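> okay, sequence plus prediction incoming.
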Amino acid sequence: TSEAYPLIKTGGLGDICYALPNALRQLGIDIRLLLPGYPAVLEQLSLIEVHENIRLPSLQEPIRILAGIMPGEITPVYVIECPSLYERDGGPYQDRNGKNWSDNALRFGVLSQVAALFGSHHLLFKPQIVHCNDWPTGLVPAFLTFNPNNQSARTMMSIHNMAYQGIFRPEVVERFGLPPESFSISGLEYYGKVSFLKAGLYYSDWITTVSPSYAKNIQTPTYGCGLDGLLTVRKAELTGIVNGIDTAVWNPETDHFLNSNYNTKSLLLKFRNTQELRQKLGLSLSKQAPVIGMIARLIEQKGIDLVIPIIPDIMKSGAQLVILGSGDKDFEEALQQLAIYYPQQISITIGYNEELAHQIEAGANMFLMPSKFEPCGLNQMYSMCYGTIPIVRRTGGLADTVIDATPNNIQAKIATGFVFEKEDSDELLSCIRRALRTFRYKSKWRQLQMTGMNRDFSWHESAKQYVSLYHLILKSKSQS
């Protein structure tokens, strides 16, 4: 993986690559992580050298493999030490100015090459399966497919977001020693370039994605990002498994970022978190106004362009709005201008802050996720655990995890949130107004909170589904 919380995280992938390995180890799977040696990773881990002077055809300098244990856990982690590729002042994929590193093909091609050395049983640990995550690891299945060692591990490719594909110039093929025939439509070629993600989807033994609905979505031109045809061909080896969440980290009863912890039996204490959040962010300390939270990348995919035009209407309703995130500079500026105009009702924090994210989940009454597409989404599940009611668009994992608060669903005690259909600001506003009306009826609102907080979103069930797939992959190998 290219990221894993708490070492390095830019989004949900980091959370998943922390929590899923822990859940799998509890089920008896010997799973180990392989990560690039970013400064944050080297600083936070106690590492020992386990392999030195590994030479790759794609690199002039040798690399080293270091080993340690994930913080506070039992999951072993291997780290690729290569200062020229990974020890930089910036993020995993971009510099401090938000510009992609110009050598990302090499940086993540090397990550894939080293994973393939493990998978071909030339290094240290001899896995049966290499579980790859998103485009930065997409070349692993290609390397192993063209490896002459018949004992190589099988491969699983997990798609966390189809929109990011790792598309690079065709020279990548020669640089990494892949055969010329791999650069074709039946391979990793994508409109004259190389797609790391396509390589993973084409050559892997199995493909997973992070919700059943998203598995169906990505087989259509709307959501397949140009790879829907390949995914349709491979649908027999494509499985959607809803992500879990780490309930040790995201739990209002034990969350160390909160001054006032609470559970279903002490739900009234949630209001203290609301007031503390208002005080922290400089909002008026109203006792009636609902707080609507949003934590997201400020890009069109997350639906922020649907939110901005209706913010004045939301303000007229008396609600308060708290947003944490960064992204498109025009969206950031528009939100900051609105916060200046409504200083008592709107708080905008640009960037990411883990402590504030937890405090928003605990302090908000409602949580906005109006995504254009959402492979799985984690915040709607965090929100339900914290008694914060999600407002979501019916897409991907949001459709699989949130049950709309229709009168019948509320009465049947199965409703957990508010759902709208179209990519449309007016429809979003109508859904928000429906939530605001329901908020006035305290017994109905309490029922929504209790239903959500009693849902089991732990990784245990999801991890069991992955174990079943691992066995299926190995069984198909023995039969082939």
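Okay, I see it. Numbers count the residues shown, from 1 in each chain.
> can you say which helix or strand has Lys270 in it?
Counting by DSSP states H and E, the secondary-structure element that holds Lys270 is helix 270-281.
> so what touches the longest helix seen in the chain?
Once the chain is assigned using DSSP state H, the helix that runs over the most residues is helix 459-479. With contacts defined as CB atoms under 8 Å, 6 or more residues apart in numbering, helix 459-479 is touched by 19-20, 22-24, 26-27, 29, 128-129, 154, 156, 205-206, 208, 239, 241-246. Just so you know, the C-beta spots here come from the backbone N, C-alpha and C atoms, and that holds for glycine as well.
> give the buried residues for it.
Residues of helix 459-479 classed as buried under the neighbour-count rule (16 or more other CB atoms under 10 Å) are 459, 462-463, 466, 469-470, 473.
> toward the C-terminus, what is the element adjacent to the helix holding Lys270?
On the C-terminal side of helix 270-281, the closest following helix or strand by DSSP H and E is strand 291-295.
> partners of that next one, with directions?
Based on DSSP bridges, the pairing partners of strand 291-295 within the sheet are strand 320-325 (parallel), strand 366-369 (parallel).
> tilt between that strand and helix 270-281?
Orientation of strand 291-295 against helix 270-281 (axes from the mean of the first three to the mean of the last three CA atoms, to 10 degrees) gives an angle of 70 degrees.
> pLDDT on strand 291-295, on average?
The average pLDDT within strand 291-295 is 98.
> average pLDDT for the next helix or strand after that strand?
Beyond strand 291-295 in the direction of the C-terminus, DSSP H and E gives the next helix or strand as helix 304-307. On average, the pLDDT along helix 304-307 is 98.
> which residues does helix 304-307 contact?
Applying CB under 8 Å, 6+ apart, the set of residues contacting helix 304-307 is 294, 296, 298, 325, 327-328, 331, 335, 368, 370, 423-425, 428.
> for that helix, buried residues please.
Residues of helix 304-307 classed as buried under the neighbour-count rule (16+ other CB under 10 Å) are 304-307.
> which is the next helix or strand following it?
In N-to-C order, the element after helix 304-307 by DSSP H and E is helix 311-316.
> which helices and strands sit right next to that next one?
strand 320-325, helix 425-439 (3 or more CB pairs under 8 Å, 6 or more residues apart in numbering; DSSP states H and E).
> what residues of it count as buried?
Applying a neighbour-count criterion of 16+ other CB under 10 Å, the buried positions in helix 311-316 are 311, 314-315.
> show me which of the residues you listed is closest to Ala435.
Minimum distance to Ala435 across the buried residues of helix 311-316 is 10.8 Å, recorded for Ile314 (CB to CB).
> mind listing what that closest one touches?
Taking CB under 8 Å, 6+ apart as the criterion, Ile314 is in contact with 292, 321, 429, 432.
> can you verify my assumption that the last one contacts Ile292?
Think Ile432. Yes - using CB atoms under 8 Å, Ile432 makes contact with Ile292 at a distance of 7.3 Å.
> please enumerate the shared neighbours of these two.
Common neighbours of Ile432 and Ile292 (CB under 8 Å, 6+ apart) are 314, 319, 366, 368, 391.
> residues near the last one, how many?
Other residues lying near Ile391 total 25 when counted by other CB atoms under 10 Å.
> and it, how far is that from Arg297?
Per CB to CB, to the nearest Å, Ile391 is found 18 Å from Arg297.
> secondary structure element holding Val110?
Assigned by DSSP H and E, Val110 belongs to helix 104-119.
> how distant is that helix from the center of its chain?
Taking CA atoms, centre = their mean, to the nearest Å, one finds helix 104-119 lying 21 Å from the centre of the chain it belongs to.
> which strands and helices sit next to the helix or strand that that helix is followed by?
On the C-terminal side of helix 104-119, the closest following helix or strand by DSSP H and E is strand 129-133. Here strand 129-133 touches helix 12-26, helix 104-119, helix 139-145, strand 154-159, helix 459-479, going by 3+ CB pairs under 8 Å, 6+ apart.
> so where's the protein uncertain?
Screening the chain residue by residue with the criterion pLDDT under 70, one finds the ranges 150, 477-480.
> again, only this time at 80
148-150, 477-480 (pLDDT under 80).
> which ones are touching the residue lying closest to Ala153 once chain neighbours are set aside?
Counting by CB to CB, 6 or more residues apart in numbering, Gly119 is the residue found nearest to Ala153 once chain neighbours are left out, at 4.0 Å. With contact set as CB under 8 Å, 6+ apart, Gly119 has these partners: 127, 130, 140, 143-144, 147, 152-153, 155.
> with Leu111 instead?
2, 34, 36, 80, 136-137 are the contacts of Leu111 under CB under 8 Å, 6+ apart.
> now intersect those residues with the strands, please.
Secondary structure defined by DSSP state E assigns 34, 36, 80 of those to strands.
> the last one is in contact with Pro36, isn't it?
Yes - checked against CB under 8 Å, the pair Ile80 and Pro36 is within contact range at 5.4 Å.
> anything in contact with each of these two?
86, 111.
> related to what we said a few turns ago, which of the shared contacts of Ile432 and Ile292 sits closest to Gln165?
Nearest to Gln165 among the shared contacts of Ile432 and Ile292, counting by CB to CB, is Leu368 at 27.4 Å.
> quick one: that closest one and Ile292 touch, right?
Yes - under the criterion of CB under 8 Å, Leu368 makes contact with Ile292 at 5.9 Å.
> what is in contact with the two at once?
When contacts are counted by CB under 8 Å, 6+ apart, the set common to Leu368 and Ile292 consists of 391, 432.
> who's more crowded, those two?
A count of neighbours by other CB under 10 Å puts Leu368 above the other of Leu368 and Ile292, at 32 against 25.
> so how far is Leu324 from the more buried one?
According to CB to CB, Leu368 and Leu324 sit 11 Å apart.
> cool, His160 as well?
Taking CB to CB as the measure, His160 and Leu324 are separated by 21 Å.
> same question for Tyr202.
For Tyr202, the distance to Leu324 equals 37 Å [CB to CB].
> check Met162 too.
For Met162, the distance to Leu324 equals 25 Å [CB to CB].
> equivalent analysis for Ile207, please.
When distance is defined by CB to CB, Ile207 is 32 Å away from Leu324.
> those two - which one has more neighbours?
More neighbours surround Ile207 than the other of Ile207 and Leu324, with 25 against 21 (other CB under 10 Å).
> quickly find the element holding that one.
Per DSSP H and E, Ile207 falls inside strand 206-209.
> and that strand, how far out from the chain's middle?
On the basis of CA atoms, centre = their mean, strand 206-209 sits 15 Å off its chain's mean C-alpha point.
> what helices or strands is that strand leaning on?
Where contact means 3+ CB pairs under 8 Å, 6+ apart, strand 206-209 is packed against strand 154-159, strand 238-240, helix 459-479.
> out of those, flag the one nearest Ser46.
Of those, nearest to Ser46 by CB to CB is helix 459-479, at 25.5 Å.
> send the alpha carbons of the closest one over as PDB?
Presented in PDB, the C-alpha positions along helix 459-479 are these (Å, rounded to 0.1, in the frame of the first residue of the first chain):
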ATOM      1  CA  TRP A 459     -14.100  -4.900  10.300                       C
ATOM      2  CA  HIS A 460     -14.800  -8.400  11.600                       C
ATOM      3  CA  GLU A 461     -17.500  -9.300   9.100                       C
ATOM      4  CA  SER A 462     -15.700  -7.600   6.200                       C
ATOM      5  CA  ALA A 463     -12.500  -9.300   7.100                       C
ATOM      6  CA  LYS A 464     -14.200 -12.700   7.100                       C
ATOM      7  CA  GLN A 465     -15.400 -12.100   3.500                       C
ATOM      8  CA  TYR A 466     -11.800 -11.300   2.500                       C
ATOM      9  CA  VAL A 467     -10.600 -14.500   4.100                       C
ATOM     10  CA  SER A 468     -13.200 -16.500   2.000                       C
ATOM     11  CA  LEU A 469     -11.900 -14.800  -1.100                       C
ATOM     12  CA  TYR A 470      -8.300 -15.600  -0.300                       C
ATOM     13  CA  HIS A 471      -9.300 -19.300   0.100                       C
ATOM     14  CA  LEU A 472     -11.200 -19.100  -3.200                       C
ATOM     15  CA  ILE A 473      -8.100 -17.700  -5.000                       C
ATOM     16  CA  LEU A 474      -5.900 -20.400  -3.700                       C
ATOM     17  CA  LYS A 475      -8.400 -23.100  -4.500                       C
ATOM     18  CA  SER A 476      -8.700 -21.900  -8.100                       C
ATOM     19  CA  LYS A 477      -4.900 -22.000  -8.300                       C
ATOM     20  CA  SER A 478      -4.700 -25.600  -7.200                       C
ATOM     21  CA  GLN A 479      -7.400 -26.500  -9.800                       C
END
